[in-house]
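Enquirer: Return a 3D structure for these sequence lines:
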Amino acid sequence: MTDFDAAITFCFVPDLEQAAGFYGEVLGLPLVLDQGTCRIFRIAGGGYLGVCERDVPPQTESVLITLVTDDVDGVHERLVAAGTPVDQPPRDNPTYGIYHAYYRDPAGYRVEVQRFHDPAWNAGDARDDA
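Expert: Numbering: from 1, shown residues only. This is a model prediction of the structure:
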């Protein structure tokens, strides 16, 4: 099996400054690389999100960006205070054993913030490997 160093998901956006402000300032993700027309933010460990300014329509219904945290309610309060559109406020989802909420970033991508109830999920294991 190949040992990869990291994973980056790239999303195309029409307004880089607006998207970078959302991920960097509102969500508080650290910027790790500014490539001019693309900015790469660390989500956790070796997981990154890149936003790139492109003159193409964003594929907003084809991508779901999920951020996992124990503090779903705190993130919700911060996003609401920043005026982020809320698709669904925090609630339990018994089908998947999660507590989660959905938002829209400035380009219209759906962003989910969730916490796993399932003890089989241990993000700490992933952080320890990073």
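Enquirer: Backbone dihedrals for residue 18, please?
Expert: When read as degrees, to the nearest 10, the backbone of residue 18 gives phi -70, psi -50.
Enquirer: That one contacts residue 109, correct?
Expert: No: Residue 18 lies out of contact with residue 109 (CB atoms under 8 Å); the separation is 11.9 Å. All C-beta spots, glycine's among them, are computed from the backbone N, C-alpha and C.
Enquirer: Stretch 89-106: which residues count as buried?
Expert: 90, 98-106 (16 or more other CB atoms under 10 Å).
Enquirer: Have a look at residue 18 and residue 109 and say which one is more surrounded.
Expert: residue 109 (23 against 14; other CB atoms under 10 Å).
Enquirer: give the contact list for that one.
Expert: Neighbour list for residue 109: 11, 58, 60, 63, 65 [criterion: CB atoms under 8 Å, 6 or more residues apart in numbering].
Enquirer: ok, so of these, who is nearest residue 35?
Expert: Residue 35 lies nearest to residue 11 out of these, by CB to CB, at 14.1 Å.
Enquirer: ok, now which ones touch residue 64?
Expert: 110-112 are the contacts of residue 64 under CB under 8 Å, 6+ apart.
Enquirer: Go through the residues you listed and say which is closest to residue 1.
Expert: The closest of these to residue 1 turns out to be residue 112 (CB to CB; 28.4 Å).
Enquirer: what ranges do the strands span in this protein?
Expert: Remark: strands assigned in the chain by DSSP state E are 7-13, 31-34, 38-44, 47-53, 64-68, 86-93, 98-104, 110-116.
Enquirer: for those strands, which one sits closest to residue 23?
Expert: Distance to residue 23, taken as CB to CB, is lowest for strand 38-44 among the strands of the chain, at 5.0 Å.
Enquirer: Much appreciated, bye for now.
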